[in-house]
Every structure is written in C-alpha cells, then in structure tokens.
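1. show me the folded form of this:
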Amino acid sequence: MTSANDSSKRRRLLCDASPDACCLSGLPNGVLTNVANYLDAPSRLFFAAALATHQIAAASDERNTAIVGNEWSTLDFGDIEKDLVVRLSDGDISAVLICIDAVNRVKRLKLTNCIHITGTGLEPLRGSTIIEQIDLSLVGKHQSPRLSSRPPISCKLVVPILDSIIEAEGCSLRHVQFPSVWRGRVEFEQFIGRYNEMMNRGGIINCAKCNTRLTTESVNWIDNYGIDRIQNYTCYECLKHYCEVCTDDDDKDMLSYCILCEKRLCTDCQKTKWCICCDFEYCVDHMDFTDCSGCGVGLCKDCIASDSNCNKCYKCEEYFCECNCDNQIWASCDSCKKNCCRECDEEDIWTHNEKNGTDAIQFCDDCNTCYCGKCRASMCQEKSSHMNCAGCIQLAGPFFLEENKTLRNENKKVKAENETLRDKVSLTQNHNNSLKEQLQYQMEKVKELEEKMKQISIGGKDE
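-> Numbers count the residues shown, from 1 in each chain. The predicted structure follows:
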C-alpha cells in the first residue's frame with residue numbers, strides 16, 4: 001500500500017513540474033555563468049551555442065554575453081580540439097558566430113580544420129564593417145592549404161557574403177586567405193577584381209617600412225594571373241602593408257612568401273629562409289635547413305634528402321651548394337657520385353692512399369675518369385668493362401691489396417674461431433667420455449649391489 005502511494009506522489013511531481021525545469025537552458029543565468037567559469041574559452045563558446053538553441057531570443061544576448069564574455073576580436077577554430085572541429089557543420093558555425101555577435105565583435109576569423117562546411121554558416125558575418133581578416137584556407141599555421149581531399153566549401157555560397165562585407169560603407173577588411181579549391185572558378189576570379197577595387201578605394205594606405213603610398217589604380221592586391229591567388233603587399237600575421245620595393249628588394253626584404261603554407265609574412269612576424277638549391281623560400285618553423293659550409297646559404301631538407309642539387313663530402317659530411325660553392329668539391333666519383341671537398345682532400349693524398357684510405361676518389365690520367373676505389377675495382381673486375389687501361393689497374397691495385405689483406409685477416413679470424421670450436425668440441429668429447437666411464441662404473445656398482453641383495457635373500461630363505 002505504501003509503495004503505491006509513493007508511486008502516485010512521483011507521478012504528481014513530474015506532472016506539476018515546469019517544462020523548463022527539465023532543460024539545462026531553464027536554469028538561471030547566474031547558475032549557468034558559474035558553471036561556465038570552470039570551462040576554457042572554446043568550451044564556453046560551444047556551451048553557450050548549445051544553450052542558444054533552447055532559449056528564447058530575448059534572453060539569448062544577455063545569457064551569451066554572461067557566458068562567453070566580450071573578448072572575441074579573434075576567433076580561430078585552431079584553438080579548439082581538432083577532433084571536435086572537423087565534425088562541425090554550417091549550423092554549428094552559424095550558432096557560434098551568432099552567440100558571440102561576430103558581426104559586431106570579430107575582427108579576425110580563421111576557419112582552421114573546418115573541413116566539412118559549405119560556407120553557409122558564415123551568414124551571420126554578412127555586412128560586417130569590423131572584420132579585418134578572414135582565413136578560409138581551412139588549415140593551421142605552417143600547414144599547406146592543398147588538402148588531400150577536396151573540401152566542400154562553396155565559392156558560390158561564400159562570395160556573396162564576402163561581397164556584402166566589401167560593399168559595406170566603412171569596410172575594415174584588410175586580408176583574405178582563400179581556399180585552394182576556388183582557384184580557377186569564375187565567381188572567384190570576378191570577386192578578385194571587386195576586392196582589388198575595395199582595397200584601392202579605402203583611403204590612403206602607406207608602406208609600413210618606407211611610408212610610400214600603395215593605394216593607386218595600378219596596385220593589384222591579388223593578382224589576376226598565376227595560380228596561387230595570394231594577397232600581395234600584406235603580412236598575414238600583423239596585417240601591415242608593404243610596397244613593392246620593400247617586398248622584393250633583397251636589401252630590405254620585409255615581406256617574404258613561403259611556398260609551403262602559401263602566406264606572405266614580414267620579417268618582424270616570421271623568419272623565413274631561402275634555399276639556394278630549389279630556389280624557394282620557406283618559414284623556418286615549417287622547413288628544416290642546413291647551411292652550406294662554403295658560403296653559408298641555406299639548403300632545405302628536401303634538397304638535401306634528394307641530394308640532387310647539393311654536394312656532401314663523404315669524409316667530413318659537410319654540404320656544399322652547387323650554385324656558389326661547386327668549386328669546393330675537389331673530386332666526385334663518376335659512378336656512385338660520392339663527393340670529397342677540398343678541405344678533406346689535399347693534393348698529396350692522390351699519391352698516398354694510406355692517408356685517405358684505399359677508397360679515395362682518384363682521377364686516372366690515362367682514360368680521364370674519376371672513381372672511388374670501390375667503384376674502380378668493381379669495374380676492373382668486370383670482363384665487359386672498359387676499365388682495362390694501365391692507369392686504372394694501377395689505381396685499383398692498392399684497393400685489391402687492401403681487400404686481399406682484409407680477406408686474409410678474416411680468414412685468420414675464421415680459422416682461429418674454428419680452432420676454438422674444435423677445442424670446445426674436444427673438451428666436450430672428453431667430458432662425454434668421462435661421463436660414460438662414470439656411468440659404466442655406477443652400473444657395475446649397481447650390479448654388485450644387486451648380486452649381494454640376491455645372496456642375502458637366498459640365505460634368509462635357507463634358515
């Protein structure tokens with residue numbers, strides 16, 4: 001009876017409860033704000049966005065501000081856990097932008113890792129006059145924008161939103177990084193022209209280095225040719241503008257272009273280095289470099305790995321660029337391409353093999369060939385080889401002698417090991433013989449004991 005009454009009470013309580021009491025958004029703002037204080041900024045952002053889908057618009061602004069705060073001048077989705085961001089939809093992006101009132105607050109937007117959006121989620125930014133930078137490349141810092149799979153971000157859907165921004169009076173947009181998949185699209189090419197017009201109409205823009213005016217009709221902030229479609233004259237990080245002289249002049253060299261991340265960066269924001277072999281420039285945080293031992297210029301890790309455009313001395317293992325320091329390489333094997341620099345290969349070494357080993361790279365005056373000892377000896381041993389001149393045979397002689405000496409030493413070592421093994425076998429055999437003798441002695445003793453036991457047993461029976 002008591003159990004039935006308790007069940008009825010529970011049913012009445014559930015029926016009398018307010019619908020909002022069963023929903024998180026129904027809690028007071030103070031409670032939700034206190035809960036949000038235990039979260040980091042990105043988590044508070046998604047917390048508020050989730051609540052916004054269940055609350056009325058009148059209470060939304062006040063609650064969102066209390067939870068996420070006002071400091072959202074920069075919104076970089078790269079600050080959020082990647083496993084979460086890659087699953088975000090356009091609806092999620094839109095909810096986040098609405099939640100922080102992005103059209104009136106966000107100055108820099110970077111859609112890092114938002115690889116599954118079409119771009120409709122950017123609608124809350126329409127007509128923004130405060131935004132200064134939009135990065136649509138979908139990748140993070142020092143990452144290539146050329147994704148392995150084609151992202152669905154749509155030029156047709158996003159360009160109208162960008163147009164609403166550049167057409168707005170008081171537009172503050174200074175830099176846009178576009179998705180690589182838009183290159184070649186008609187809508188994109190047409191937008192480039194409108195973007196250049198916007199940049200040139202917005203008052204006077206001076207070079208941050210020399211104060212030269214950039215805003216002339218001839219300035220193309222984004223080129224209408226080429227395949228990269230990267231904004232010129234503007235640093236991706238600090239958004240400062242630099243004139244063509246300060247961008248291209250080697251003496252000033254204020255603005256560089258990294259071929260991998262496809263961004264222009266000033267020297268104050270990011271150090272870059274130029275590889276003398278492949279003739280490309282890279283962010284030093286993006287590419288590892290080794291300096292040429294001859295002139296000190298950089299050699300990128302890709303060129304060193306391929307070893308096609310740089311020389312490595314096989315003795316000191318230093319690298320020398322082919323462009324400026326090719327004369328530092330004193331000799332190179334025509335077969336295996338092994339190199340030796342001047343520092344390691346003095347002139348007297350050519351006639352004194354003991355200084356450099358029999359594998360030294362040597363030049364034959366008779367047939368005008370240059371080979372290391374190993375390659376020359378190998379060719380001299382081949383019957384079909386052209387290596388039959390007296391000079392090559394003479395140069396290969398020390399290598400054969402050294403090889404013969406090595407083989408003799410190895411033979412002696414093998415013989416010594418065989419002797420050791422024979423001694424061990426002999427010791428083992430002697431030990432086995434000793435064990436056999438002991439076993440035979442023990443068996444004889446056992447037989448004697450058995451005989452005595454029989455005699456004792458017979459004697460007892462007679463009694």
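2. next, the buried residues of the host helix or strand of Lys156.
-> Here Lys156, judged by DSSP states H and E, is contained in helix 155-166. For helix 155-166, burial by neighbour count (16 or more other Cβ atoms under 10 Å) applies to Cys155, Leu157, Val158, Val159, Ile161, Leu162, Asp163, Ile165, Ile166. (Each C-beta comes from the backbone N, C-alpha and C, glycine too.)
3. okay, helices next: where are they in the protein?
-> 2-16, 29-36, 41-52, 57-68, 82-85, 90-99, 102-105, 155-166, 186-201, 244-248, 301-306, 353-356, 373-381, 390-462 (DSSP state H).
4. for the third one, give the mean pLDDT please.
-> When you say that, I think you mean helix 41-52. Mean pLDDT, helix 41-52: 73.
5. and what of the second one?
-> Model confidence over helix 29-36 averages 64 on the pLDDT scale.
6. try the first one
-> Helix 2-16 shows a mean pLDDT of 46 in the predicted model.
7. try the last one
-> Mean per-residue pLDDT for helix 390-462: 79.
8. by contact count, what packs against that helix?
-> strand 361-364, helix 373-381 (3 or more Cβ pairs under 8 Å, 6 or more residues apart in numbering; DSSP states H and E).
9. any idea how far it is from the chain center?
-> Chain-centre distance of helix 390-462: 59 Å, with Cα atoms, centre = their mean, to the nearest Å.
10. now the angle from it to helix 373-381?
-> 90 degrees (axes from the mean of the first three to the mean of the last three Cα atoms, to 10 degrees).
11. spatially nearest residue to Ala208, not counting backbone neighbours?
-> Of all residues not flanking Ala208 in the chain, Lys240 sits nearest, at 4.0 Å (Cβ to Cβ, 6 or more residues apart in numbering).
12. and that neighbour, what does it touch?
-> By Cβ atoms under 8 Å, 6 or more residues apart in numbering, the residues touching Lys240 are Ala208, Thr234, Cys266.
13. just these: which are in strands?
-> Judged by DSSP state E, those include Cys266 as members of strands.
14. got the angle between the helix holding Lys156 and helix 90-99?
-> Using the same axes, to 10 degrees: helix 155-166 against helix 90-99 is 10 degrees.
15. just the CA trace of helix 155-166, in PDB.
-> Output in PDB follows, covering the C-alpha atoms of helix 155-166 (Å, rounded to 0.1, in the frame of the first residue of the first chain):
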ATOM      1  CA  CYS A 155      32.600  29.600 -53.800                       C
ATOM      2  CA  LYS A 156      29.000  30.400 -54.900                       C
ATOM      3  CA  LEU A 157      27.800  30.400 -51.300                       C
ATOM      4  CA  VAL A 158      30.600  32.300 -49.700                       C
ATOM      5  CA  VAL A 159      31.400  35.000 -52.300                       C
ATOM      6  CA  PRO A 160      28.000  36.800 -51.800                       C
ATOM      7  CA  ILE A 161      28.800  37.100 -48.100                       C
ATOM      8  CA  LEU A 162      32.300  38.500 -48.900                       C
ATOM      9  CA  ASP A 163      30.700  40.900 -51.300                       C
ATOM     10  CA  SER A 164      28.300  42.200 -48.600                       C
ATOM     11  CA  ILE A 165      31.400  42.900 -46.500                       C
ATOM     12  CA  ILE A 166      33.500  44.700 -49.100                       C
END
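16. output the below-cut-off pLDDT ranges for the stretch 51-200 of the chain.
-> 52-66 (pLDDT under 70).
17. repeat that for 80
-> The model of the stretch 51-200 of the chain has pLDDT under 80 over residues 51-71.
18. so which elements touch the helix holding Lys156?
-> Right, helix 155-166 is packed against helix 186-201 by 3+ Cβ pairs under 8 Å, 6+ apart.
19. excluding its backbone neighbours, what's nearest Leu162?
-> Phe191 is the one closest to Leu162 (Cβ to Cβ, 6+ apart), at 6.5 Å.
20. count of neighbours near that neighbour?
-> 22 (other Cβ atoms under 10 Å).
21. got a list of what it touches?
-> Val159, Leu162, Asp163.
22. kindly recompute the last result at 10 Å.
-> Cys155, Val158, Val159, Pro160, Leu162, Asp163, Ile166, Val176, Phe178, Trp182, Arg185, Ile222 (Cβ atoms under 10 Å, 6 or more residues apart in numbering).
23. and those as TSV, adding distance to Asp288?
-> Shown next, in TSV, are the contacts of Phe191 (distance: Cβ to Cβ, whole Å):
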residue	distance to Asp288
Cys155	35
Val158	35
Val159	38
Pro160	42
Leu162	37
Asp163	42
Ile166	39
Val176	30
Phe178	28
Trp182	31
Arg185	35
Ile222	31
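24. related to what we said a few turns ago, same list (the buried residues of helix 155-166) but as a markdown table, adding distance to Glu132.
-> Below are the buried residues of helix 155-166 laid out as a markdown table (distance: Cβ to Cβ, whole Å):
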| residue | distance to Glu132 |
| --- | --- |
| Cys155 | 22 |
| Leu157 | 22 |
| Val158 | 17 |
| Val159 | 19 |
| Ile161 | 16 |
| Leu162 | 13 |
| Asp163 | 17 |
| Ile165 | 10 |
| Ile166 | 12 |
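25. domain parsing for this structure?
-> Per automatic domain parsing, the domain ranges recorded for the chain read 70-229, 307-404.
26. go through those and name the closest to Met287.
-> domain 70-229 (9.0 Å; Cβ to Cβ).
27. re earlier: among the contacts of Lys240, who's most crowded?
-> Top of the contacts of Lys240 by neighbour count (other Cβ under 10 Å): Thr234, with 26 neighbours.
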